[in-house]
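S.K.: Give the three-dimensional model of this entry:
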Amino acid sequence: MPAPRGLLVRAAACLIDGAALLALTLFLGQLVGRFFSSRAAVMLRIGQPDTFWKGPLPMLIGMAGAFWFTIPFAALVLGAAEAVYGAGLGKALLSLRIRSADGSRAGGGRLFLRALLKYLPALAVALGILLQLPELALASLAAAAVTLLGFTLCLSPPRGALHDLIARTRVFGDGPRSPPAGY
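M.R.: Alright, predicted model coming up:
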């Protein structure tokens with residue numbers, strides 16, 4: 001039976017996913033980022049005379065907008081891959097799989113629920129910008145804090161993050177770990 005994995009190997013997978021997120025963001029920034037940044041400029045009324053978005057701040061937001069506003073979209077793309085395949089890029093490279101809490105194969109609904117909970121902040125930001133609802137975009141910061149705090153649960157004996165506990169999933173290794181040759 002595969003063994004559940006804890007914080008360190010999941011953190012390594014998260015770093016790999018972060019690098020993939022950065023690469024995808026840079027790649028999509030010119031395509032998607034301009035759209036999202038123009039929607040954010042309308043939503044936040046940047047450059048309007050009756051807002052505090054004046055001076056150099058709108059220029060800085062405009063310069064970085066193509067990058068920053070692409071991050072939620074790129075996170076959703078990576079989250080969709082995790083929901084469909086049961087492992088994101090980092091987990092796949094480290095031979096980790098998302099399974100039901102009992103170790104059996106997780107169904108599509110369970111994987112979708114887990115990905116939805118995990119990537120809820122990115123979804124809220126993207127929807128807030130698209131629908132021009134700043135309250136939704138700002139509320140996603142609270143969801144991001146809950147998601148990040150949920151990762152600390154990997155230290156506890158069940159070794160599952162908050163989204164794992166709610167979706168009744170765990171991250172397992174593909175097989176038993178064997179020591180390197182020569183040990």
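S.K.: list the contacts for Phe171?
M.R.: Actually, residue 171 is Val rather than Phe. For Val171, the contacting residues are 4-5, 10, 91, 96-99, 159-160, 164, by Cβ atoms under 8 Å, 6 or more residues apart in numbering. For the C-beta atoms, the positions are set from N, CA and C on the backbone; glycine is no exception.
S.K.: Need the CA coordinates for the host helix or strand of it. CSV is fine.
M.R.: Taking DSSP states H and E as the criterion, Val171 maps to strand 169-173. The C-alpha trace of strand 169-173 is given here as CSV (Å, rounded to 0.1, in the frame of the first residue of the first chain):
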residue,chain,number,x,y,z
THR,A,169,-8.1,12.9,0.1
ARG,A,170,-4.5,12.4,0.9
VAL,A,171,-1.2,12.6,-1.1
PHE,A,172,0.5,9.3,-1.4
GLY,A,173,3.7,8.1,-3.0
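S.K.: follow-up on the earlier one: so which of the contacts of Val171 belong to strands?
M.R.: 96-99 (DSSP state E).
S.K.: and the strand holding Val171 with strand 96-100, angle?
M.R.: On the basis of axes from the mean of the first three to the mean of the last three Cα atoms, to 10 degrees, strand 169-173 is oriented at 140 degrees to strand 96-100.
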